[in-house]
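# take this sequence and fold it.
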Amino acid sequence: NVSSTKEILFARRTASSNTFEGYNFPVGYSSGQGGNCPTQDLVDAFECTDGKSISESPLYDANDPYANRDPRFGMTSAVNGEKKWPSYNGEALETYYGGKNGEPIVGATPTGYYLKKYCDGSVNISSVNSTNSPHAWIMFRLGEFYLNYAEATFKYLGSADATTVELPMSARQAVNVIRSRQDVKMPALAEGLSNDEFWKKYENERMVELAFEGHRFYDVRRWKEGSKLASITEMKITKNEDGTFTYKRNVVNRGWDDKMYFFPISKSELLKHTNPDFKQNPGW
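Model prediction:
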């Protein structure tokens, strides 16, 4: 969209194609392969429109879990019952078990969601009337820089509201720049948050804002919170006889070892050095 395009500072352009859409459009639609599927963990991270988490907000309805959510949610994930994804598809997505886009179809989303971010919803991937679109893979954008500034300022000054002559924008204000954009318009973070409260909000903001941009793996390792990668949560949806849906979370173990805070040093590099203090990282 226009506002996000204005944020791009550096991107890698590619020739027009529909390859990415083919990999990620829903299974059961034309040549869609499912590809990268958002987890329930990511979905849960998107606040309600009142700025509160789904565990705190009165706007959250477990029987209608995708209503009244941060607008960025709808820009990131395609959900059960959604129409116009792709944009010319008039039928509702059926990601529930037995649905035309759901399990047990081979390749169907195991999490209950399909990816929208980075996809061009107007691209036709059918073998008959296929169309292409240019793509730009973001390396740096302004939103990330505001979040980087917020984290560095918070850690340096020790408070979400602190400023100096050299750092006139507080960490909280930097995050609010992200939340106040025209296409987002989420409530601002309140002044006076405790350090723990702000940090929880900041981590969540970074997770939803930078989803699928290649940051999450490095963020949780930098924060020494790698255990968050030890499992993912899927949403298993079943359709009831009366047309309503039942939503059940399913936790899948992925595994985590603290040695993964560091990458292993290659054997070829180890063999180049005779210094006995140059050793492999612990655990590898």
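# which residues in the stretch 151-284 of the chain form strands?
Assigned by DSSP state E, counting those that start in this stretch, the stretch 151-284 of the chain shows strands spanning 231-239, 245-253.
# can you tell me which of these is most buried?
Counting by mean count of other C-beta atoms under 10 Å, strand 231-239 has the highest mean neighbour count of the strands of the stretch 151-284 of the chain, with a mean of 18. All C-beta atoms are positioned from the backbone trio N, CA, C, and that covers glycine.
# tell me where the stretch 1-150 of the chain is predicted with low confidence.
Within the stretch 1-150 of the chain, the ranges that satisfy pLDDT under 70 run 1-4.
# go again with 80.
Applying pLDDT under 80 to the stretch 1-150 of the chain flags residues 1-6.
# contact partners for residue 244?
By C-beta atoms under 8 Å, 6 or more residues apart in numbering, residue 244 lies in contact with residue 63.
# any idea how far residue 238 is from it?
Distance of residue 244 to residue 238, computed by C-beta to C-beta, to the nearest Å: 10 Å.
# on that earlier part again, out of the strands of the stretch 151-284 of the chain, which is closest to residue 43?
For those, the distance to residue 43 is smallest for strand 231-239, at 7.2 Å, taking C-beta to C-beta.
# partner strands of the closest one, with direction?
Here strand 231-239 has these sheet partners by DSSP bridges: strand 245-253 (antiparallel).
# just to revisit the earlier point, could you export the strands of the stretch 151-284 of the chain as CSV, including mean pLDDT?
Formatted as CSV, the strands of the stretch 151-284 of the chain follow (pLDDT from 0 to 100):
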stretch, mean pLDDT
strand 231-239, 98
strand 245-253, 97
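# can I get those in JSON lines including distance to residue 29?
What follows is the strands of the stretch 151-284 of the chain, written out as JSON lines (distance: least, C-beta to C-beta, whole Å):
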{"stretch": "strand 231-239", "distance to residue 29": "17"}
{"stretch": "strand 245-253", "distance to residue 29": "20"}
